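Student: Quick one: sequence plus predicted model below, questions after.
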Amino acid sequence: MDYRNFIDEQIQKLKETVKDKVAINALSGGVDSSVVTVLGHRALGEKLKTIFVDNALMRENEPRNVVKTFDKMGITVDLIDARDQFLSALKGLTDPEEKRQAITDTFYAKVFSRLVKESNATFLLHGTILTDIEETLAGIKRQHNILDQLGIDTQKSYGYKVIEPLKTLRKDDVREVAKLLDMPEEIRNRIPFPGPALATRIVGEVTPERLETVSTATNIVEDELGDSGAFQYMAVLLNDKATGIRDNNREFGQIIVLRCIESTDARDATATQLPWDKLNKICEKITNIKGINRCLYDLTPKPPATIEYI
Ligand code: XMP
């Protein structure tokens, strides 16, 4: 594929489609939405409004870091604090699909629809890639950015038209495009991170306390496995407890699962054969987190497991 040509074509297309109207896009910090943001700004400049919604489910410092990274590239990103809205929508929910639905509904019906209205945008730029479309059509994964493919008329329901400049690309193509767009390595080579964020790594109810626990464990795992070359790695908080001993006292503590996988496109995956020393080190650090007294390593391939836990 001639990526340079792809970039020129998409920029031209965006200019011709949006003309003098306003477009909006939601940046997640992942490589797909980041590439769309840069392409969009090259084509539309100030006519593209880019927002980052803080849904309280992000990794530590993620919102501020993303805004800063784009600022360095000359792109202004509006940080929208919607933490309370997401947390109250998730309150009391334990069913995985209900949690996902609550996040999608809060994003579209509450937060994003208001922002679109306020911005007068008539176009929405989305980072959908070919794999997203294929998995949605095959019923494997329900992505909230595939409204068009699901037959939902965004013009009618939400008042905007969706543009998906990356819909013919796969992840490795997107990374090539990112390179040609001079995007920093920290964005280009980020491991995949799901839209519903840390909520996919909390089994059971998502509360501020449980988010803090999984976020601390995530920091440890990302720190320790950043140079592992694995496709994806994460910490997951289970909704169960186990007996342990701390300071000679019985403790009924929480359980964190470490997941580290090899994959090419996330459709199937196998557990990484991490060195024993590394596993022990991570286990020690994770069981030093308050309230955690067990750390398990997940060996299950996909299938039958999925990569995330909800
Ligand atoms: P699963 O858990 O379905 O994950 O095996 C496959 C890949 O997709 C990511 N993932 C998501 N990405 N929105 C996303 O943008 C989502 O709702 C979502 N759910 C899972 C996951 O991290 C893995 O890379």
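Tutor: Done, it's in. Numbers count the residues shown, from 1 in each chain.
Student: What lies in contact with stretch 63-73?
Tutor: 27, 29, 34, 37-38, 50, 52, 54, 76-77, 79, 183-184, 186-187 (C-beta atoms under 8 Å, 6 or more residues apart in numbering). From N, CA and C alone the C-beta is placed, and that goes for glycine too.
Student: Stretch 263-275 now?
Tutor: Stretch 263-275 is contacted from outside by 131, 135, 140, 170-171, 192, 225, 228, 230-233, 259-262, 297-303, 307, using C-beta under 8 Å, 6+ apart.
Student: Derive a PyMOL selection command for the buried subset of the residues you listed.
Tutor: In PyMOL, this line selects whichever of the contacts of stretch 263-275 come out buried by 16 or more other C-beta atoms under 10 Å:
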select buried, resi 131+135+171+192+225+228+230+231+232+233+259+260+261+262+298+302+307
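Student: Keep only those of the contacts of stretch 263-275 that are in strands.
Tutor: Gln232, Tyr233, Arg259, Cys260, Ile261, Glu262, Tyr297 (DSSP state E).
Student: in its sheet, what does the helix or strand containing Lys49 sit against?
Tutor: When secondary structure is defined by DSSP states H and E, Lys49 falls within strand 48-54. Strand partners for strand 48-54, identified by DSSP bridges, are recorded as strand 23-26 (parallel), strand 77-81 (parallel).
Student: Flag every buried residue along the longest one.
Tutor: Read that as strand 77-81. Going by neighbour count (16+ other C-beta under 10 Å), the buried part of strand 77-81 is Val77, Ile80.
Student: could the ones in strands among the contacts of stretch 263-275 be laid out in TSV, adding distance to Val18 and pLDDT?
Tutor: What follows is the ones in strands among the contacts of stretch 263-275, written out as TSV (distance: C-beta to C-beta, whole Å; pLDDT from 0 to 100):
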residue	distance to Val18	pLDDT
Gln232	34	97
Tyr233	38	98
Arg259	40	98
Cys260	41	98
Ile261	39	98
Glu262	40	98
Tyr297	48	98
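Student: Redo those residues as TSV? Include distance to the ligand.
Tutor: Formatted as TSV, the ones in strands among the contacts of stretch 263-275 follow (distance: C-beta to the nearest ligand atom, whole Å):
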residue	distance to the ligand
Gln232	5
Tyr233	11
Arg259	10
Cys260	12
Ile261	9
Glu262	12
Tyr297	17
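Student: Listing request: residues of the chain with sub-threshold pLDDT.
Tutor: Along the chain, segments meeting pLDDT under 70 span 140-152.
Student: could you pull out the helices for the stretch 201-310 of the chain?
Tutor: 208-225, 276-286 (DSSP state H, counting those that start in this stretch).
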